[in-house]
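Engineer: heads up, no residue letters with this:
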């Protein structure tokens with residue numbers, strides 16, 4: 001899929017932002033715990049809601065092949081981490 005060429009570099013960048021913050025010293029103090037907690041609050045619903053929308057589309061509108069279904073589910077995970085990295089990057093600057 002052509003969208004993977006766009007999503008994968010952004011996914012890697014968001015991992016570079018989020019993982020050092022979460023597991024580093026900055027994420028261990030009170031401010032860091034608050035930022036991580038807020039980021040998880042924003043990020044958590046993305047995967048279940050995306051899966052629900054995908055399943056609704058598959059059951060009610062058009063049959064998706066297994067490959068299409070798998071590819072879309074495979075995109076939901078990087079999109080979740082992209083949002084997580086963006087929220088952490090934004091909250092680091094704001095809080």
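Structural biologist: Happy to help now that I have it. Worth saying up front: this structure is predicted, and the values here are computed from it rather than measured.

Engineer: could you say which helix or strand contains residue 62?
Structural biologist: Using DSSP states H and E, residue 62 is not contained in any helix or strand.

Engineer: and residue 67, by the same measure?
Structural biologist: Counting by DSSP H and E, residue 67 is part of helix 66-94.

Engineer: helices and strands around that helix, which ones?
Structural biologist: Secondary-structure packing of helix 66-94 (3 or more CB pairs under 8 Å, 6 or more residues apart in numbering; DSSP states H and E): helix 2-23, helix 30-43, helix 46-60. All C-beta atoms are positioned from the backbone trio N, CA, C, and that covers glycine.

Engineer: grab the nearest non-local neighbour of residue 77.
Structural biologist: residue 47 (7.1 Å; CB to CB, 6 or more residues apart in numbering).

Engineer: compute the distance between that neighbour and residue 67, please.
Structural biologist: Residue 47 is 20 Å from residue 67, where distance means CB to CB, to the nearest Å.

Engineer: what about these two, which has more around it?
Structural biologist: residue 47 (14 against 9; other CB atoms under 10 Å).

Engineer: quick one: the helix holding residue 67 to helix 30-43, angle?
Structural biologist: Relative orientation of helix 66-94 and helix 30-43, computed by axes from the mean of the first three to the mean of the last three CA atoms, to 10 degrees: 150 degrees.
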